[in-house]
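**Q** quick one: sequence and predicted model below, then my questions.
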Amino acid sequence: MTLITDIRLRRILDSRGNPTVEADVVTESGGFGRAAAPSGASTGEYEAVERPPAEAIAAAREHAVGRLVGDAYAGNQREVDSILHAADGTDDFSEIGANSAVAISMAAAKAGADVLGAPLFQHLGGAFRGENFPIPLGNVVGGGEHAADATDIQEFLVAPVGAPSVEDAVFANAAVHSTVADLLEERDVPCGKGDEGAWAPSIDDSEAFEIVDEAVSMVEDDVGFNIGFGLDVAGAELYDSESETYEYSDTSRDTDEQIAYIAELVREYDLVYVEDPLDENDYDAFADLTDEVGDQTLICGDDLFVTNTERLIDGIERDAANSILIKPNQIGTLTDAFDAIELATQNGYDSVISHRSGETEDTTIAHLAVATDAPFIKTGAVGGERTAKLNELIRIADDAT
Ligand SMILES: C=C(OP(=O)(O)O)C(=O)O
Ligand SMILES: [Mg+2]
């Protein structure tokens, strides 16, 4: 029933107005799945290769589509994804493009779920997936590679850890986002939004900390539950490998100073989550920071691990972190993403499922987070391509409870 009988690939727009790859997968019994690849701006050095969409589509049509159609079963995700790997023939999807690969992989999963008549999270997670729902990490102020002339730290995130439901959590994040705008207005700071819908004011990081901290307290008082504070430092974007320093607008820090600075922030703001505090090549510095504050917060590797089990094994061996960011397009297939999550879980690492700065209306990551019992999902706070995932999470929780 889930035999794949047709795959269609096309270019569609992403949230930045750039082209990306969309895939439709059709099965013998009329099952249908559609998915689109997201795209990063602050990409990790070791990510699978995203090719220009027109090239990725042509290459996937030439090498992959013929191998899948008539031979692969959409209900058998590992088979679909291993055919994608074989069709590509490289170890980083540089032939067919990780963007074509991930779009086909996710569309096949949706087609499989469609035939089975199960929601995607149930198909991916199985009957015994657990009963938890992820806490949404919402990006309320941001800069770095996601907005010009804004904060050095890429993402100031809020994490409504005390929210009684997904719905309460999603609305709390939106409330903090809107309270931040009020506080910026009070201070006469004009601002637009960055790529992920976070406010992108031209202020320094210390003022951003003050404002987000105040907004979090105000919303906490209002909603009556605990809202945590987190960061994506995107350390690799700040790191200058020649001077071996982290370059901020107003200062420069060597690695020891960077570790001390982040540890201090963890204590001062009681941070519940810190992503990529250090450069993507510096496992040892990650390990030093994790040793210092890993019992108080999640130290999460995004550019460090790039959803790659080999890099995660290196990290586990060195105690480099205690959590991994999972972005399916960093590695190219859902199977690879699942393998990274499984390895993380076996080794006591938490998995945080994440969007990219360039997104579409695709909601696969909401299902992936529920299917794998991930404690957090990072998918913005506002903006159509972000609320697509957040609203899907609300629907999943509504259907599942
Ligand atoms: C979502 C992120 O940004 P990008 O998609 O630009 O890598 C991130 O760095 O976590
Ligand atoms: Mg990141």
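**A** Yep, it's here. Residues are numbered from 1 along each chain as shown. Ligands and ions are numbered 1, 2, ... in the order given.
**Q** going by C-alpha atoms from here, please, whenever you check contacts or count neighbours.
**A** OK.
**Q** is it true that I7 touches V65?
**A** Yes: under the criterion of CA atoms under 8 Å, I7 makes contact with V65 at 6.5 Å.
**Q** and the longest helix for this protein?
**A** Once the chain is assigned using DSSP state H, the helix that runs over the most residues is helix 166-186.
**Q** who are the packing partners of it?
**A** strand 135-142, strand 155-159, helix 205-223, helix 384-400 (3 or more CA pairs under 8 Å, 6 or more residues apart in numbering; DSSP states H and E).
**Q** hey, what's the residue most central in space within the chain bridged with?
**A** With distances taken as CA atoms, centre = their mean, S354 lies nearest the centre of the chain, 1.5 Å away. Here S354 sits in beta bridges with K378, going by DSSP bridges.
**Q** measure it to ligand 1 for me?
**A** Separation of S354 from ligand 1 (CA to the nearest ligand atom, to the nearest Å): 7 Å.
**Q** how much space separates that residue from E268?
**A** 26 Å (CA to CA, to the nearest Å).
**Q** swap in I324?
**A** 24 Å.
**Q** one more: A340?
**A** 32 Å.
**Q** return the residues of the chain in contact with ligand 1.
**A** Residues of the chain lying near ligand 1 by CA under 6 Å from any ligand atom: 40-43, 234, 355-357.
**Q** list the contacts of the residue of the stretch 301-401 of the chain found nearest ligand 1.
**A** Per CA to the nearest ligand atom, R356 is where the stretch 301-401 of the chain lies closest to ligand 1, at 3.2 Å. Counting by CA atoms under 8 Å, 6 or more residues apart in numbering, R356 makes contact with 38-41, 327, 379.
**Q** can you list the strands that the next helix or strand along the chain from the longest helix of the chain pairs with?
**A** For helix 166-186, the following helix or strand on the C-terminal side (DSSP states H and E) is strand 191-193. Pairing partners of strand 191-193, with direction, according to DSSP bridges: strand 199-201 (antiparallel).
**Q** show me the contact partners of the partner strand.
**A** Contacts of strand 199-201 (CA under 8 Å, 6+ apart): 140-143, 147, 149-151, 177, 181, 189-194.
**Q** are any of those residues buried, and which?
**A** Buried members of those, counted by 16 or more other CA atoms under 10 Å: 140-143, 147, 150-151, 177, 181, 193-194.
**Q** tell me which of those is nearest to T251?
**A** Proximity of the buried ones among the contacts of strand 199-201 to T251 (CA to CA) peaks at T151, which lies at 13.0 Å.
**Q** for the residue lying closest to that closest one once chain neighbours are set aside, phi and psi?
**A** Leaving aside its chain neighbours, T151 sits nearest to G143 (4.5 Å; criterion: CA to CA, 6 or more residues apart in numbering). The phi and psi values for G143, taken as degrees, to the nearest 10, are phi -150, psi -120.
**Q** so what's P190 up against?
**A** Here P190 is in contact with 184, 201-202 (criterion: CA under 8 Å, 6+ apart).
**Q** model confidence at it, what's the number?
**A** For P190, the pLDDT comes out at 93.
**Q** how long is stretch 233-249 end to end?
**A** From its first residue to its last, stretch 233-249 covers 14 Å (CA to CA).
**Q** and what of stretch 261-275?
**A** Termini of stretch 261-275 sit 14 Å apart (CA to CA).
**Q** the more surrounded of I324 and E268?
**A** Ranked by neighbour count (other CA atoms under 10 Å), I324 and E268 place I324 first, with 30 against 9.
**Q** assumed that one was part of a helix.
**A** No: judged by DSSP: H, G, I helix; E, B strand; the rest coil, I324 forms no part of a helix; its state is strand.
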